[in-house]
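Engineer: I would like the atomic coordinates for the input below:
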Amino acid sequence: MASTDIYHEMIIDYSRNPANFGSLDDPDVTHHDSNPLCGDSLDMDLKFDGDTLSEIKFRGKGCAICMACSSVLTEIAKGKPIGEVRAIQKGDLLAELGLEHLQAVRIKCALLSLKILKFALYKHIAASHPDAESLKEEAAGLY
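Structural biologist: Coordinates of the predicted model:
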């Protein structure tokens, strides 16, 4: 069996049986985003234990690539310190499913969950930093 066949089977399996699918009771942060070109629409819940992403779940609907990447991303990120989660790059996620050469039209499908995770982390970090709001106001007033 060729490696592309294995990746194809993984994508189908993850899209049909996603890991960490659902919602968390009392999450520390939730973020939503969508990809209107494909119809993907996801919400992601995060819960932290100190500096560690202890729980992560996603819900919504999406194409097979979106659902598979969301599932894999939650498995990669869960249990990791915030610094390691922040360091996850698009290449890391795409490589897990053999999607390094994905067509440009499908890249938004594959990276929607990573975009949501990064925004959710920003919201969490900003909420816990005492100067976050003043920094935002300072930046807005620069020009």
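Engineer: What sits closest to residue 120 if chain neighbours are left out?
Structural biologist: Excluding its sequence neighbours, the residue lying closest to residue 120 (CB to CB, 6 or more residues apart in numbering) is residue 31, at 4.0 Å. Every C-beta, even on glycine, is put in place using the N, C-alpha and C of the backbone.
Engineer: just the helices in this protein please.
Structural biologist: Here the chain has its helices, by DSSP state H, at 3-16, 64-77, 82-86, 90-96, 104-128, 132-140.
Engineer: Would you mind confirming that residue 11 is in contact with residue 65?
Structural biologist: Yes: taking contacts as CB atoms under 8 Å, residue 11 lies within contact range of residue 65: 6.4 Å.
Engineer: just to revisit the earlier point, in terms of mean pLDDT, which of the helices of the chain ranks lowest?
Structural biologist: Least confidently modelled of the helices of the chain is helix 132-140, at a mean of 68 by mean pLDDT.
Engineer: Now do the buried residues in stretch 78-89.
Structural biologist: Using 16 or more other CB atoms under 10 Å as the test for burial, stretch 78-89 gives 78, 80, 82, 85, 88.
Engineer: make that stretch 17-32, sorry
Structural biologist: 18-20, 24, 27-31.
Engineer: So which of these belong to strands?
Structural biologist: Under the assignment DSSP state E, the buried residues of stretch 17-32 contribute 29-31 to strands.
Engineer: Which two among the buried residues of stretch 78-89 are spaced furthest apart?
Structural biologist: 78 and 82 (12.5 Å; CB to CB).
Engineer: and for these two, which residues touch both?
Structural biologist: Common neighbours of residue 78 and residue 82 (criterion: CB atoms under 8 Å, 6 or more residues apart in numbering): residue 53.
Engineer: ok, residue 50 to residue 81 distance?
Structural biologist: Residue 50 sits 9 Å away from residue 81, going by CB to CB, to the nearest Å.
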